[in-house]
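>>> curious how this folds, go ahead:
(chains A and B)
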Amino acid sequence: AQSVSQHNHHVILSEAASLELGCNYSYGGTVNLFWYVQYPGQHLQLLLKYFSGDPLVKGIKGFEAEFIKSKFSFNLRKPSVQWSDTAEYFCAVNAPGANNLFFGTGTRLTVIP
Amino acid sequence: ETGVTQSPTHLIKTRGQQVTLRCSSQSGHNTVSWYQQALGQGPQFIFQYYREEENGRGNFPPRFSGLQFPNYSSELNVNALELDDSALYLCASSSTGEADTQYFGPGTRLTVL
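Take a look at the predicted model:
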């Protein structure tokens, strides 16, 4: 069965600091990888996704993620965070054609102005 | 383009009761998936509906059931509510052309007393 680990439960950064949130998954086959964000009081929004091709994926709001197959990782990065990035971030994985997403437990990001 | 909508926003029930949650898929989407998100956890897949048929199910008991209607909207029914059913219930929709990407609604917060 697939599983996703997000080891950082709560990350606190000052504005303009760089961000990297870890995501590791366990699955032996081909995977699709996603990062979703949940801003306070809002619904889950797709930040970026990786299906195939260039392992460095750029998403909305200046976020990017790198798929490293050998490490089963899909870490999320942003060079300079803003207060408005305060949110819960979820990494998710599914197998191509599968009907369900497997989510990590999420990382809460707090950005201090 | 209309996003995924869910109703009601909040619901309070007592143990043993039954509940029905509703979801309207994003325009152009024909597949609906339901997830349960307990406090402090990532969403967990309940089941998916495609062409009005259940198209995959997670590790949830039969008292969790669903329907999909010809207009692709969907219902989640939970019978014999238990305290542990208290959670945020998320609906996600996807299209055949972009089947592996799911877009989420705002959720229904269910509290079981």
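>>> which residue does chain B have closest to chain A?
Nearest residue of chain B to chain A, counting by Cβ to the nearest Cβ: B:Gly42, 3.2 Å away. Quick note: C-beta positions are derived from backbone N, CA and C, even for glycine.
>>> tell me the pLDDT at that residue?
B:Gly42 carries a pLDDT value of 93.
>>> can you tell me the closest non-neighbouring residue to it?
A:Phe103 (3.2 Å; Cβ to Cβ, 6 or more residues apart in numbering or on different chains).
>>> partner residues bridging that neighbour?
In this structure, A:Phe103 bridges to A:Ala92 when assessed by DSSP bridges.
>>> for it, the count of nearby residues, please.
Counted with other Cβ atoms under 10 Å in any protein chain shown, residues neighbouring A:Phe103 total 24.
>>> also A:Val93?
By other Cβ under 10 Å, neighbour count at A:Val93 equals 24.
>>> right, and it touches A:Leu101 too?
Yes. Using Cβ atoms under 8 Å, A:Val93 is in contact with A:Leu101, at 7.1 Å.
>>> just to revisit the earlier point, tell me the secondary structure for the residue of chain B closest to chain A?
coil (DSSP: H, G, I helix; E, B strand; the rest coil).
>>> tell me the SS of A:Arg108?
Under three-state DSSP, A:Arg108 comes out as strand.
>>> any idea how far the closest residue to B:Gly28 other than its chain neighbours is from B:Thr31?
Nearest residue to B:Gly28, sequence neighbours excluded (Cβ to Cβ, 6+ apart): B:Ser95, at 5.7 Å. The spacing between B:Ser95 and B:Thr31, counted by Cβ to Cβ, to the nearest Å, is 7 Å.
>>> more neighbours: these two, which one.
A count of neighbours by other Cβ under 10 Å puts B:Thr31 above the other of B:Ser95 and B:Thr31, at 22 against 17.
>>> is stretch B:105-113 positioned near chain A?
Yes. Residues of stretch B:105-113 contacting chain A under Cβ under 8 Å from any Cβ of the partner chain: B:105-107.
>>> just among those, which is most surrounded?
B:Gly107 (24 neighbours).
>>> so it makes contact with B:Leu88?
Yes. Under the criterion of Cβ under 8 Å, B:Gly107 makes contact with B:Leu88 at 4.5 Å.
>>> one step back: could I get the residues of stretch B:105-113 next to chain A in JSON lines, plus columns for secondary structure?
Shown next, in JSON lines, are the residues of stretch B:105-113 next to chain A (three-state DSSP):
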{"residue": "B:Gly105", "secondary structure": "coil"}
{"residue": "B:Pro106", "secondary structure": "coil"}
{"residue": "B:Gly107", "secondary structure": "coil"}
